[in-house]
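> Okay, predicted coordinates and the sequence, questions at the end:
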Amino acid sequence: MKKLFFVSALGLFSIGAFAQDAVNKAMVDQYRKDKEKSDKDVADPKNSAKASFWMERAKLYENIASNGSEVDSSAAKTALEAYKKVVELDVNKKGEPGKSSKEATNALTGAEGTVLFNAFVKQGAEKYQAKNLAGALEMFQAAQEINKKDTTASLYGGIAAQQLDKKEDAKTQFEKYVANGGKDPSVFYGLAQLYRADNNFDKAIEALNKGLEKSPGNKDLKSEVVNILLASGKEDQAINELTTLAQNDPKNVQNLVNLAILYDNTSSKANQRIKEIQGKLGQGNSKASSLTKNLESEKSKIEVYDGEVKRITALIKKTPKNTDLKRQLADVNNKKKESLAAIATMEGEAKAAAASASSTDNAGLEKELADLKAKQKDASEKAVTNYKKVLEVDGANYDALYNLGVFYFNEAVQLKSEVDNMNMTEYQQRGKEVEGRVCGKFKKAKPYFEKAVQAKDEAEAKENLATVNSVLEQFTAKQVACVEE
């Protein structure tokens with residue numbers, strides 16, 4: 001998990017905020033002497049039995065914490081314990097608290113006019129500056145016990161705990177900050193990240209929504225709601241949230257890109273499920289036939305790869321020292337190897353399907369298939385629409401250009417599978433017409449890959465562009481006329 005550092009809070013951690021310029025050396029020396037005497041007197045049974053002694057000790061250490069931390073960097077803790085002794089000892093015969101006990105109780109509960117709480121926060125800040133995060137956290141936690149409604153110590157405590165990677169402590173501290181009315185958006189964001197790291201997505205969303213109640217226009221909180229919805233598999237909700245963001249800020253390119261990608265992913269998932277259902281609907285020989293067709297489709301890729309190998313090899317002969325061409329050749333050979341492995345697997349599946357058949361709820365699957373096809377069509381259209389909206393705002397946006405290229409490339413591949421599944425009679429009747437549309441899809445993808453390469457020199461775009469060019473050359477060689485729809 002990425003650790004978050006709260007700039008607004010850390011700015012308050014400057015030692016300058018607790019400058020000691022007004023404290024002269026004589027005062028510090030006096031604190032040291034008084035401390036030595038008080039520490040020595042603790043061992044005296046007579047002194048240690050008096051509430052007045054512990055009150056003097058509490059105030060001494062409180063002053064040291066506030067004005068002379070160089071004498072004792074944890075003086076606030078000693079002051080706290082001394083005040084507790086006052087409360088313990090200053091009681092009358094009826095067990096009721098005396099005047100000193102009440103004063104000590106006020107200090108321990110952060111009543112108005114008391115300084116113990118500030119002493120803990122100050123020494124906690126000093127420990128933080130000295131990179132003693134564990135000590136800082138201890139001080140801030142103690143401060144919270146004094147003033148349970150304050151947000152300062154819980155904010156600082158959460159920061160220290162987070163940097164210590166004490167996630168549970170950090171959550172506790174930030175939750176206290178939120179409960180006491182804290183408003184810093186970065187705290188709500190950080191709290192959501194802590195819950196997200198535990199896959200507690202509901203709590204993460206809850207934290208972000210609380211933050212949005214305090215800062216309704218905060219874009220980071222709104223965007224993170226979308227991210228967490230995606231991480232939790234709630235894509236439909238994420239689309240709704242992102243659609244609202246895009247409508248409210250139509251020039252925000254990233255929102256449009258993300259929305260387009262969401263629709264793109266929805267389309268891809270629907271396509272995958274469509275294939276699964278179509279596979280289930282094909283029983284016995286039908287299923288085997290379908291798998292065989294898929295196998296042939298996979299085998300057709302070898303032809304593309306072989307063409308690429310031939311093309312790149314010819315270029316390498318012309319420029320044998322070109323390392324990029326050698327890398328491309330290796331990539332193509334690896335893809336061919338993967339395809340051959342897939343072919344081997346698919347051959348086994350086809351044989352297994354031919355040997356057995358299973359009962360299927362065809363009616364239910366056919367309805368699901370029809371619904372999925374409608375969903376896939378709607379999602380793909382909205383993906384393209386939003387990618388094009390991105391390009392209206394930023395014509396050189398790499399993500400939109402590349403993904404549109406991939407979109408039309410995949411459409412071409414899917415359409416090509418129709419040709420691959422045709423028997424000879426079907427091919428003679430309409431094979432050339434479908435091939436022309438396939439060529440048109442590849443041709444439609446080409447300018448997007450070209451512009452993507454111009455926008456950003458990325459290997460993936462260059463490789464896809466090279467593949468498209470190779471395929472188009474093959475169509476030209478076969479004298480297939482491209483038909484763009």
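Thanks, I have it. Residues are numbered from 1 along each chain as shown.
> Once you drop chain neighbours, what's closest to Phe407?
The shortest distance from Phe407 to any residue that is not its chain neighbour, by C-beta to C-beta, 6 or more residues apart in numbering, is 6.4 Å, and that residue is Val384. (Glycine included, C-beta is placed from N, CA and C.)
> my guess is that neighbour contacts Leu404, does it?
Yes - Val384 sits in contact with Leu404 when judged by C-beta atoms under 8 Å, with a separation of 6.9 Å.
> Looking at the two, which is more packed in?
Neighbours of Val384 and Leu404, each counted by other C-beta atoms under 10 Å, are more numerous for Leu404; the result is 26 against 18.
> so what's the nearest residue to Asn218 once chain neighbours are set aside up against?
For Asn218, ignoring the flanking residues on the chain, the nearest one in space by C-beta to C-beta, 6+ apart is Pro185 at 4.8 Å. Taking C-beta atoms under 8 Å, 6 or more residues apart in numbering, we find Pro185 in contact with Gly211, Lys214, Ser215, Asn218, Asp220, Leu221.
> Following element in sequence after the host helix or strand of Lys446, please.
Under DSSP states H and E, the secondary-structure element containing Lys446 is helix 432-455. On the C-terminal side of helix 432-455, the nearest following helix or strand under DSSP H and E is helix 459-477.
> can you map out the strands along this structure?
Counting by DSSP state E, the chain forms no strands at all.
> Quick check: which ranges of it have low pLDDT?
1-23, 282-289, 353-362 (pLDDT under 70).
> distance of the nearest residue to Lys84 once chain neighbours are set aside from Val332?
Leaving out its chain neighbours, the residue that sits closest to Lys84 by C-beta to C-beta, 6+ apart is Leu108, at 7.0 Å. Leu108 is 75 Å from Val332, where distance means C-beta to C-beta, to the nearest Å.
> of these two, who's got more company?
In this view Leu108 and Val332 are compared by other C-beta under 10 Å, and Val332 has more residues nearby, 23 against 20.
> Give me the nearest residue to that one, chain neighbours excluded.
Nearest one to Val332, counting by C-beta to C-beta, 6+ apart, is Glu308 at 4.6 Å.
> Report how many residues lie close to that neighbour.
For Glu308, the neighbour count with other C-beta under 10 Å is 23.
> Would you check that it makes contact with Asn333?
No - at 9.3 Å, Glu308 and Asn333 do not qualify as touching, with contact defined as C-beta under 8 Å.
> domain assignment for this structure?
7-182, 395-485 (automatic domain parsing).
> Of those domains, which is nearest Lys275?
When these are compared by C-beta to C-beta, domain 395-485 sits nearest Lys275, at 10.2 Å.
> what's the first-to-last distance across the closest one?
Here the two ends of domain 395-485 are set 22 Å apart, with distance taken as C-alpha to C-alpha, to the nearest Å.
> for Ala260, what are its contacts?
Applying C-beta under 8 Å, 6+ apart, one finds that Ala260 lies in contact with Lys382, Ala383, Val384, Thr385, Asn386, Tyr387, Lys389, Val390, Ala400, Asn403.
> what would those look like in TSV with distance to Ala192?
Written out in TSV, the entries for the contacts of Ala260 read as follows (distance: C-beta to C-beta, whole Å):
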residue	distance to Ala192
Lys382	28
Ala383	28
Val384	32
Thr385	31
Asn386	26
Tyr387	29
Lys389	29
Val390	27
Ala400	28
Asn403	28
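> Which of these fall in helices?
Residues of those located in helices (DSSP state H): Lys382, Ala383, Val384, Thr385, Asn386, Tyr387, Lys389, Val390, Ala400, Asn403.
> Between the domains of the chain, which one is closest to Ala197.
Put simply, out of these the one that sits nearest Ala197 is domain 7-182, at 6.9 Å, with distance taken as C-beta to C-beta.
> Figure out how far the closest one is from the centre of its chain.
In this view, domain 7-182 has its centroid 38 Å away from the chain centroid, taken as C-alpha atoms, centre = their mean, to the nearest Å.
> what's the spacing between the longest helix anywhere in the chain and its chain's center?
In terms of residue count, the longest helix belonging to the chain (DSSP H) is helix 284-318. Distance, stretch centre to chain centre, for helix 284-318: 38 Å (C-alpha atoms, centre = their mean).
> for it, packing partners?
Based on contacts counted as 3 or more C-beta pairs under 8 Å, 6 or more residues apart in numbering; DSSP states H and E, the elements that helix 284-318 packs against are helix 253-281, helix 323-355, helix 398-420, helix 459-477.
> would you put the C-alpha positions of the third one in PDB?
This points to helix 398-420. What follows is helix 398-420, C-alpha atoms only, in PDB (Å, rounded to 0.1, in the frame of the first residue of the first chain):
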ATOM      1  CA  TYR A 398      -2.300   8.100 -26.200                       C
ATOM      2  CA  ASP A 399      -4.800   5.900 -24.200                       C
ATOM      3  CA  ALA A 400      -7.800   6.900 -26.300                       C
ATOM      4  CA  LEU A 401      -5.800   6.500 -29.600                       C
ATOM      5  CA  TYR A 402      -4.300   3.100 -28.700                       C
ATOM      6  CA  ASN A 403      -7.500   1.700 -27.200                       C
ATOM      7  CA  LEU A 404      -9.600   2.700 -30.200                       C
ATOM      8  CA  GLY A 405      -7.000   1.000 -32.400                       C
ATOM      9  CA  VAL A 406      -7.200  -2.100 -30.300                       C
ATOM     10  CA  PHE A 407     -11.000  -1.900 -30.400                       C
ATOM     11  CA  TYR A 408     -11.200  -1.900 -34.300                       C
ATOM     12  CA  PHE A 409      -8.400  -4.500 -34.400                       C
ATOM     13  CA  ASN A 410     -10.300  -6.900 -32.200                       C
ATOM     14  CA  GLU A 411     -13.500  -6.300 -34.200                       C
ATOM     15  CA  ALA A 412     -11.500  -7.300 -37.300                       C
ATOM     16  CA  VAL A 413     -10.200 -10.500 -35.600                       C
ATOM     17  CA  GLN A 414     -13.700 -11.400 -34.500                       C
ATOM     18  CA  LEU A 415     -15.100 -10.800 -37.900                       C
ATOM     19  CA  LYS A 416     -12.300 -12.800 -39.400                       C
ATOM     20  CA  SER A 417     -13.300 -15.800 -37.300                       C
ATOM     21  CA  GLU A 418     -16.500 -15.800 -39.400                       C
ATOM     22  CA  VAL A 419     -14.500 -16.500 -42.500                       C
ATOM     23  CA  ASP A 420     -12.400 -19.100 -40.700                       C
END
